[in-house]
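# sharing a model that was predicted from the sequence below.
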Amino acid sequence: MKHARIIGFISVKGGVGKTTTVANLGLILAKDFNKKVLVVDGNFSGPNLALHFGFIKPEHTLHEVLQGKVGIQKAIYEHSSGMHILPASLISTNKVDYSKFNKHLVSLRSYYDIILIDASPSLNQEMLATINAADELFIITTPDYVTLASTLHAAKIAREKNTYISGLIINKVRGKKFELSLDSIQESTKI
């Protein structure tokens, strides 16, 4: 029987490549490793994960699930790669109950090998919903001082919630003089 690992991808700064990382990792795990993968758009206020896969106006979304309007299976779509997508609504103005996010994802563990969550880039209830739902986290960062400050903050919150941090993913490394070295990032974050 499957028992999916739920892996959250967080950053307190937008533009670091979090959504792109989740999208690409999901595709690789599904296509190249034949894993049963679900990618979840946990960025409720600014979702765009589903857009990466051509889902512009899904009939049902995670917002409706969290509002109790539809069951979670109705809001999951299959991509041509075989990977499944749980999109958030691009235009929802209704409040959602973030505390139900964990319960809904846990109910899917037996259907998947891996569930990947693309979190909100803001330190708010949305990101905390991902941290609380995840078995483990990866923090996405870029090698600069501004992003490092945000990365340290994200790591602090995850540690306070006792969610295991599997590691950092460093994006947009271009070999510029202003970039921080891997050693200095690891030393600063203790990750």
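Yep, that arrived.

# ok, now which ones touch L66?
Residues in contact with L66 (C-beta atoms under 8 Å, 6 or more residues apart in numbering) are V96, D97, Y98, K100, F101, H104. For glycine as for every other residue, the C-beta is placed from the backbone atoms N, C-alpha and C.

# which stretches of this structure form helices?
Taking DSSP state H as the criterion, the chain carries its helices at 18-31, 62-66, 101-106, 125-133, 145-160, 182-189.

# among these, which comes closest to V12?
helix 145-160 (4.0 Å; C-beta to C-beta).

# name the nearest of the contacts of L66 relative to E126.
Of the contacts of L66, the one sitting nearest to E126 (C-beta to C-beta) turns out to be Y98, at 6.6 Å.

# tell me the spacing between the residue nearest to that closest one when sequence neighbours are not counted and L86.
Of all residues not flanking Y98 in the chain, A129 sits nearest, at 4.1 Å (C-beta to C-beta, 6 or more residues apart in numbering). As judged by C-beta to C-beta, to the nearest Å, A129 and L86 stand 13 Å apart.

# quick revisit: out of the helices of the chain, which is the most enclosed?
Across the helices of the chain, the average number of neighbours (mean count of other C-beta atoms under 10 Å) peaks for helix 62-66, which reaches a mean of 23.

# what's across from the most centrally placed residue in the chain in the sheet?
Residue closest to the average C-alpha location in the chain (C-alpha atoms, centre = their mean): D118, at 1.9 Å. Beta-bridge partners for D118, by DSSP bridges, are F9, D41.

# let me see the contact set for it.
F9, K18, T19, V22, A23, V39, V40, D41, G42, N43, L49.

# E64 contacts A75, doesn't it?
Yes - between E64 and A75 there is a contact at 6.3 Å, judged by C-beta atoms under 8 Å.

# could you check the pLDDT of the closest residue to N102 other than its chain neighbours?
Nearest residue to N102, sequence neighbours excluded (C-beta to C-beta, 6+ apart): A133, at 4.1 Å. Looking at A133, its pLDDT is 94.

# so how far is G42 from A133?
According to C-beta to C-beta, A133 stands 8 Å off from G42.

# mind listing the shared neighbours of those two?
Going by C-beta under 8 Å, 6+ apart, residues that sit against A133 and also against G42 are G8, F101, I117.

# residue contacts, the first one?
Contacts of G8 were listed using C-beta under 8 Å, 6+ apart, and they are G42, I117, A119, T130, I131, A133, A134, E136, L137, F138, T163.

# for the chain, which spans come out with low pLDDT?
For the chain, applying pLDDT under 70 flags the ranges 1-2, 92-94.

# residues near the closest residue to F53 other than its chain neighbours, how many?
Distances taken as C-beta to C-beta, 6+ apart place H79 nearest to F53, at 5.0 Å, with adjacent residues excluded. For H79, the tally of surrounding residues (other C-beta atoms under 10 Å) stands at 20.
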